[in-house]
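**Q** Predicted model, plus sequence, below.
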Amino acid sequence: MKKKVIAKAPVNIALIKYWGKEHEEEVIPYTGSLSLSVSELHTTTMITECPQGFSFILNGKKASKEDASKIKKFLLHFAQEHELEGICIISENTGPTASGVASSASGFAALSKAANVFFETYYDDQTLANITRLGSGSACRSLYGGLVVWEKTGEVYTIREDGFDFIMVFALLNHHRKSISSKQAMKNTVKTSPFYPTWVSKTTQDLVAMKHAIHVEDLKAIGELTQSSALAMHASMLAAVPPTLYLNSHSLEIVHAMIQLQEEGEFAYPTMDAGMHVKVLTNQQSLHKVLETLEHFKVKDIVVTHPEKGAQILHEE
Ligand code: 2P0
């Protein structure tokens, strides 16, 4: 066992969304997905020896018993229970703002990257991805950089390292009410949405189309598939019983404005996850127009991000 290990992992935003598990326990998704790992928003996690017990500190605060025991359970993939006594996990979601983008994906990716070195398990990349997704499905994508594919088979890999120098603009809206967890919402969509089978067949086709678009560098097709995947995912959960409605009127106004920008020839494609915030896939040329347009809306924070490398070890001793 090492004395101290620090790892860092990027937030990732799916262009082709993951929504629904075929096997809950093993976190086998119904479809593959594809994401962009982004800079400026990431998690840094330190694992270190400490006097006694097991503690998990997240963003400077001691985590709840429930969260600590979830982390402890996850670490059993790397160590025996008695080895977790006298271990401290200190994790920070860093970036220009920590609000609204606290990510379990970058969190579990940083934790498993650090644990693999700290406990000297040294699992190979694929084995580490298989373990990481048990913490949070989308976390396996944060181990890798640029445009990343997570196949239904569990295989995870970078398909395009530079991510075409895309820019992902986060438009963070005001949070008022606590929304349902993505885990719970996914489960409900799979079980009750009449659109779910259509979502699975569409996503399977979209992933093939997206890989092709990346291969032939068809940026417009990448943008259109990104927008379509997000809207279809939200449509599938809107039709669930009870419905999950993450988007609010501000989110939809921004979507309309981005579609308007597309009609004016700009590269500006919105995507939304398990929350009301809107992220816009854009490029250097259209960035100015996107930011100027977002100024017209009640946006709490704007974070401009760029393609980033995968999870990395920053320090070990
Ligand atoms: C994604 N999301 O592809 C999709 C789109 C949110 C919307 O993956 O249950 O934390 O731990 O596997 O990965 C967020 O859910 O879910 C997510 P679990 P996860 O990014």
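**A** Yep, it's here.
**Q** Please name the bridge partners of the closest residue in space to V38 that isn't next to it in sequence.
**A** Spatial nearest neighbour of V38, chain neighbours left out: T305 (3.8 Å); criterion: C-beta to C-beta, 6 or more residues apart in numbering. (Glycine included, C-beta is placed from N, CA and C.) Residues in a beta bridge with T305, per DSSP bridges, are M168.
**Q** so what's T305 up against?
**A** Listed by C-beta atoms under 8 Å, 6 or more residues apart in numbering, the contact partners of T305 are 11, 38-41, 167-170.
**Q** just those now: which is nearest the ligand?
**A** V11 (9.9 Å; C-beta to the nearest ligand atom).
**Q** you'd agree that closest one is up against L41?
**A** Yes. Between V11 and L41 there is a contact under C-beta atoms under 8 Å: 4.1 Å.
**Q** The two - which one has more neighbours?
**A** V11 (29 against 24; other C-beta atoms under 10 Å).
**Q** element containing that one?
**A** In the assignment (DSSP states H and E), V11 maps to strand 4-16.
**Q** Against which helices or strands is that strand packed?
**A** Where contact means 3 or more C-beta pairs under 8 Å, 6 or more residues apart in numbering; DSSP states H and E, strand 4-16 is packed against strand 33-49, helix 104-118, helix 196-215, helix 219-238, strand 268-271, strand 312-316.
**Q** Out of these, flag the one nearest L245.
**A** Comparing these against L245 with C-beta to C-beta, the closest turns out to be helix 219-238 (6.4 Å).
**Q** so does the very next helix or strand once past the closest one get close to the ligand?
**A** Per DSSP H and E, the first helix or strand lying C-terminal to helix 219-238 is helix 249-263. No. Applying C-beta under 6 Å from any ligand atom, one finds helix 249-263 separated from the ligand by no less than 13.5 Å.
**Q** What parts of the stretch 201-317 of the chain come near the ligand?
**A** Looking at the ligand, the residues of the stretch 201-317 of the chain close enough under C-beta under 6 Å from any ligand atom are 273-274.
**Q** hmm, try it at 8 Å
**A** Residues of the stretch 201-317 of the chain lying close to the ligand (C-beta under 8 Å from any ligand atom) are 233, 273-274.
**Q** In ChimeraX, how would I select the buried members of those?
**A** In ChimeraX syntax, the buried subset of those is picked out as below (16 or more other C-beta atoms under 10 Å):
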select :233,273,274
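**Q** Next up, the contacts around D206.
**A** For D206, counting by C-beta under 8 Å, 6+ apart, the contacting residues are 16, 225, 228-229.
**Q** intersection of neighbour lists for V11 and L41?
**A** Joint contacts of V11 and L41 (C-beta under 8 Å, 6+ apart) are 95, 101, 103, 106, 305.
**Q** pLDDT for these - can I get that in a markdown table?
**A** Below are those laid out as a markdown table (pLDDT from 0 to 100):
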| residue | pLDDT |
| --- | --- |
| G95 | 70 |
| V101 | 66 |
| S103 | 80 |
| S106 | 96 |
| T305 | 96 |
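**Q** can you give me the strands for the stretch 51-200 of the chain?
**A** 54-58, 61-62, 87-94, 147-150, 156-160, 167-172 (DSSP state E, counting those that start in this stretch).
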